[in-house]
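> Structure for this input, please:
(chains A and B)
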Number of protein chains: 2
Amino acid sequence: MKTALLGVLLPLLTGAPTWAQSTQPVEDFKPSSLNQSGRQYPQVNSEGRARFRIVAPQAQSVRSSFSGETKVDKGEDGSWVITTRPLDEGFHYYTLNIDGADVPDPGTLFFYGASRWGSAIEVPAKDQEFYAVKDVPHGQLRQDMYFSKSTNAVRRCFVYTPPDYEKDSSKRYPVLYLQHGAGEDETGWGSQGHAGLIMDNLIAAGKAKPMIIVMPNTRGIASADSPAPGKDDACTQEYLKDIIPYVEKHYRAKPGRENRALAGLSMGGFVVLNTGLSHLDTFAELYVYSSGYFPEKVQAFEENFKQVLSDPRTNEELLRVPIYMAQGETDIALRNGQNTWAVINRHGLRNFWVLSSGGHEWRNWRRYLHQTAQIMFPEARQGGI
Amino acid sequence: MKTALLGVLLPLLTGAPTWAQSTQPVEDFKPSSLNQSGRQYPQVNSEGRARFRIVAPQAQSVRSSFSGETKVDKGEDGSWVITTRPLDEGFHYYTLNIDGADVPDPGTLFFYGASRWGSAIEVPAKDQEFYAVKDVPHGQLRQDMYFSKSTNAVRRCFVYTPPDYEKDSSKRYPVLYLQHGAGEDETGWGSQGHAGLIMDNLIAAGKAKPMIIVMPNTRGIASADSPAPGKDDACTQEYLKDIIPYVEKHYRAKPGRENRALAGLSMGGFVVLNTGLSHLDTFAELYVYSSGYFPEKVQAFEENFKQVLSDPRTNEELLRVPIYMAQGETDIALRNGQNTWAVINRHGLRNFWVLSSGGHEWRNWRRYLHQTAQIMFPEARQGGI
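Modelled structure (predicted):
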């Protein structure tokens, strides 16, 4: 408010440019890194403003799904150019709206999120180097189709194998099971999440153990409710009966709980707690990104997990590394995460609580994976707790 | 013209329904198999008509990129429903146009072709069983990133490994190098081409040898010109210096020319001839789908390849299976293919010439792969010519 008011008053007082002029975008727009090959639009400038362009000669109205101040210019050639306010750095889903129709921007690659394949734009992050494409040894991203007995369907799963996987066919690797969020699917981590590039760069720098990363699809079976004691929910059954057996049959995975970590974002964070905390015989490391039980469900979590939370062996024997929970300061799941963490903390379980800048977004999930991959499977503990 | 005129006259003469009424679509529309999860539109009916629906309350005009008779209905809820003429069976790229803006249909998955990521619809083919998702052992589709010395860039490549690839880590496999067409990229064969499902089903039925399939990206380096004798074009250099060495280092590929086949569609067919026919020391099997030199370039092909075409050893020793060329009867490349085949045939090289129904489209390329995978790497000749 203060700034806007100053913007109105200052020109009168000093002859400075009007508010509208003073917020003219810096004209250093460049094509977004997520554009289709050769496409000039959408673009991003050094302030983080996005600029879209689409030719729609007969349209009465064209806008983008970004809220806040927007400038729309219609050219004589029938093109519409939309310039947004400065956006947070990182990855943003969006749509264009042409005369009331919400459509993807034909200039971008497409990503699955918010329950649909659609457009996205990337505002370069200051730390984007950690997921840049570099001339380092690259792992593979593999698409697997497996028959799931639990859901009686062929399901798709993506698997990252580290760069040296094919070098020594007797070598076995620990496995990180990495979960997508609600409205996302098995493609997210390998695509907009840059899981492969993050690991390639970390492994090349000697900062993470080479590991297999399994990114399954648990749409429709992951649950925001904690399971009753001794009961496995549908997602846990999929993990125990289908995903893990498939992976350990088809990949050179090291056996045993100490070689299995479970991480997940948002809805995937529930999977980490629902499946992981109830099966510490199967998983030894738990990483919760931007998640936590809703206020009306956190008490049930404490009830349902009473035994494991209060069992002194959970700290002493069962968890290799402290439970990790991370959240952005504007994260929609911040309060849920804090409440859930409070339960874990109150019971004296060792934990990391990480508060980052930013919100409920890939910018943070990439960073959380980058952080946590560096502490997974610590060498000193290989072979035992 | 004649039909339209009859349509106008017949009702007057016979009392039969008007033309418009007689072509009312059969109302058995179902969601296309290429739709995003849960999306009801686009749809296809038993006649092969497509039906699109988009909500665009303020739009003046909505149409699809399909030519020919189209019915457009605007509902009171602001929705537009477009029904097309019956389409050929198979896979079709398309766009919607809203008040002059060409945009993807937000209801579909997205595919790369015609030089852009965009929408597609699938009209079920009578023989679609051969690429159906079945409960058979599935191979993996792997995404590789490798540094290409020839083009000084990190390039992406997809690789299919057969279902039993991880069972016996000492087993080696022959390799099919499979090329995309112009305006396509390394994603096409593994996505809309269904290469993995075609192979999974063939291998499960014992109709094809388990093989590795390599689908590289040769955008910008594949050429429609035949190379001068003894000269390697950019694409051939990429194959010889980068792709094949990468594959044979990172996969359990059987070495030697008799374990390498080269196939490609359209622009990729030029790669098969330009790279393959000039390097029979590297490849022993050549498969050309919907391709052939343009009329002004076919003579240069005969000149440039004079030596290999007229060398009796080409038949006797160099080619394991006859050169295979296939084309659809309405294929835009039909005449080019015939002219190129005529050169090959005139020189007495053993060849298959296959004429199928349909045109320059994935429906045929899927079928050609399905046919040719069954004759590749014949057991009797393993180990020698």
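> Tell me which stretches of chain A form helices.
Per DSSP state H, chain A carries helices over the ranges A:2-14, A:19-22, A:195-204, A:234-237, A:244-250, A:267-271, A:298-304, A:306-310, A:312-313, A:334-346, A:362-373.
> of all these, which lies closest to chain B?
Chain B lies closest to helix A:244-250 among the helices of chain A, at 5.0 Å (CB to the nearest CB). Every residue, glycine included, has its C-beta placed from N, CA and C.
> Let me know the pLDDT of the nearest residue to residue A:305 once chain neighbours are set aside.
Nearest non-adjacent residue to residue A:305, counting by CB to CB, 6 or more residues apart in numbering or on different chains: residue A:277, 5.9 Å away. Note for residue A:277: predicted pLDDT of 94.
> do you know how far residue A:277 is from chain B?
29 Å (CB to the nearest CB, to the nearest Å).
> ok, that residue - contacts?
A:286, A:305, A:308 (CB atoms under 8 Å, 6 or more residues apart in numbering or on different chains).
> Could the C-alpha coordinates of stretch A:103-122 be exported in CSV?
What follows is stretch A:103-122, C-alpha atoms only, in CSV (Å, rounded to 0.1, in the frame of the first residue of the first chain):
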residue,chain,number,x,y,z
VAL,A,103,-6.0,-23.7,-23.0
PRO,A,104,-2.3,-24.6,-22.9
ASP,A,105,0.2,-22.1,-24.3
PRO,A,106,1.3,-23.7,-27.6
GLY,A,107,4.9,-22.4,-27.0
THR,A,108,5.8,-24.6,-24.0
LEU,A,109,6.7,-28.1,-23.2
PHE,A,110,4.0,-29.8,-21.2
PHE,A,111,4.1,-31.0,-17.6
TYR,A,112,1.7,-33.0,-15.4
GLY,A,113,0.5,-31.2,-12.3
ALA,A,114,-2.7,-29.7,-10.9
SER,A,115,-4.3,-32.8,-12.3
ARG,A,116,-3.6,-31.9,-15.9
TRP,A,117,-0.9,-31.9,-18.6
GLY,A,118,-0.3,-28.2,-19.4
SER,A,119,2.1,-25.4,-19.9
ALA,A,120,4.7,-24.1,-17.5
ILE,A,121,7.3,-21.4,-17.4
GLU,A,122,10.6,-21.3,-15.5
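> now check that stretch, is it near chain B?
Yes. For stretch A:103-122, a contact with chain B is found by CB under 8 Å from any CB of the partner chain, at A:103, A:104, A:106, A:109, A:110, A:115, A:116, A:117, A:118.
> Just the buried subset of those residues, please.
Among the residues of stretch A:103-122 next to chain B, those buried by neighbour count (16 or more other CB atoms under 10 Å in any protein chain shown) are A:103, A:104, A:106, A:109, A:110, A:116, A:117, A:118.
> Surely residue A:366 and residue A:128 touch.
No. Residue A:366 is not in contact with residue A:128 according to CB atoms under 8 Å; the separation is 9.1 Å.
> Include pLDDT when you put the residues of stretch A:103-122 next to chain B into a markdown table, please.
Formatted as a markdown table, the residues of stretch A:103-122 next to chain B follow (pLDDT from 0 to 100):
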| residue | pLDDT |
| --- | --- |
| A:103 | 98 |
| A:104 | 98 |
| A:106 | 97 |
| A:109 | 98 |
| A:110 | 98 |
| A:115 | 95 |
| A:116 | 96 |
| A:117 | 97 |
| A:118 | 97 |
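> Check the residues you listed and tell me the two furthest apart.
Maximum pairwise distance in these, criterion CB to CB, is 20.6 Å, between A:106 and A:115.
> hey, which of the helices of chain A is tucked in deepest?
Most buried of the helices of chain A, by mean neighbour count (mean count of other CB atoms under 10 Å in any protein chain shown): helix A:267-271, with a mean of 28.
> For that one, which helices and strands make contact with it?
Packing contacts for helix A:267-271, counted by 3 or more CB pairs under 8 Å, 6 or more residues apart in numbering or on different chains; DSSP states H and E, involve strand A:175-179, strand A:260-265, strand A:285-289.
> Chain B: which of those is closest?
strand A:175-179 (14.4 Å).
> C-alpha coordinates for the closest one, PDB please?
Taking C-alpha atoms only, strand A:175-179 is exported to PDB below (Å, rounded to 0.1, in the frame of the first residue of the first chain):
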ATOM      1  CA  VAL A 175      17.100 -47.400  -3.300                       C
ATOM      2  CA  LEU A 176      15.200 -44.100  -2.700                       C
ATOM      3  CA  TYR A 177      11.500 -44.400  -3.200                       C
ATOM      4  CA  LEU A 178      10.400 -40.900  -4.200                       C
ATOM      5  CA  GLN A 179       6.700 -39.900  -4.200                       C
END
